[in-house]
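**Q** generate a structure from the sequence data that follows.
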Amino acid sequence: MIELKNVVKTYETGKTFVEALKGVNYTFKKSDFVLIRGPSGSGKSTLLNIVGLLDNPTEGDVYLNGQRVSYDDFDELATLRSKTISFIFQSFNLNPVLTVEENVMVPLMIRKDISREEKKRRVIDWITKTGLFDHRHHRPDELSGGQRQRVAIARAMVTEPEIVIADEPTANLDSKTTRSILEFMKQLNEEKKVTFLFATHDPVLDEFAKTRVQIKDGVLSQVE
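**A** Okay, here's the model as predicted:
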């Protein structure tokens, strides 16, 4: 699915160089449900940005479905990312002036390879699957935290991605809603064969994860 080979990421802060990732070699497999743990400053966010094709490595290579990712053409990279990877964020990142239906439509707006009718069909389909059909004309401030996270899930899934990267997706949710959201994601993982990568401190994720990895001081290792 996504393979990292000798990936190094270095940031320059003033006259100092910080090595956020140190020669990472790892393969995230198709249909996996991966829990990524690591303290603040461990390189976790950098890892997610590299895997999500939002940033390029200083050294090393990234392979997606066996093909080396090229960072030379920004538009081509953005297209590849929009067709393959989706994101779910801690703060939901919904547009407050758009309705549920409009928020879910957003990632499809740049997809010229999908017809208008198909876009509408997908939006309604995912709004229905996430239990939001009756709220489709509501704006985010009219929804509960769990409902807003379901909008974020629908928005992530509407592009039919191969990989979903979720950064602290349950941080703003109560325990009951957290479990409901995770059960729904696990169902999508099993039925749609979508790979989920979670970065979180929430211990509830341990119950759902198929694979657990730890990142510390820029070094990634699998937890048995």
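**Q** got phi/psi on the residue most central in space within the chain?
**A** What sits nearest the mean C-alpha location of the chain, by C-alpha atoms, centre = their mean, is residue 165, with 1.7 Å. Reported as degrees, to the nearest 10, the phi and psi values for residue 165 are phi -100, psi 120.
**Q** assess the claim that it and residue 89 are in contact.
**A** No: applying C-beta atoms under 8 Å as the test, residue 165 and residue 89 come out as separate, 9.3 Å apart. Any C-beta I mention is one placed from the backbone N, CA and C, and that applies to glycine too.
**Q** if we can go back for a sec, OK, contacts around the residue nearest to the centre of the chain?
**A** For residue 165, the contacting residues are 48, 51, 52, 85, 86, 87, 88, 197, 199, by C-beta atoms under 8 Å, 6 or more residues apart in numbering.
**Q** one more pass at 10 Å, please.
**A** Residues near residue 165 by C-beta atoms under 10 Å, 6 or more residues apart in numbering: 28, 34, 36, 47-49, 51-54, 85-89, 156, 195-199.
**Q** what do residue 165 and residue 89 both touch?
**A** Common neighbours of residue 165 and residue 89, using C-beta under 10 Å, 6+ apart, are residue 156.
**Q** other residues contacting the lengthiest helix in the chain?
**A** Secondary structure of the chain read by DSSP state H shows that its longest helix is helix 175-192. Helix 175-192 has contacts (C-beta under 10 Å, 6+ apart) with 31-33, 88, 129-131, 144-147, 149-150, 152-153, 156-157, 160-162, 164, 166, 169-174, 194-196, 198, 200, 202, 204-205, 207-210.
**Q** sitting in helices, which of the residues you listed do you find?
**A** Filtering these for helices - DSSP H - leaves 129, 145, 146, 147, 149, 150, 152, 153, 156, 157.
**Q** so the third one sits against residue 169, correct?
**A** So the one you mean is residue 146. No: in this structure residue 146 lies outside contact range of residue 169 using C-beta atoms under 10 Å: 11.3 Å.
**Q** appreciated, that's everything.
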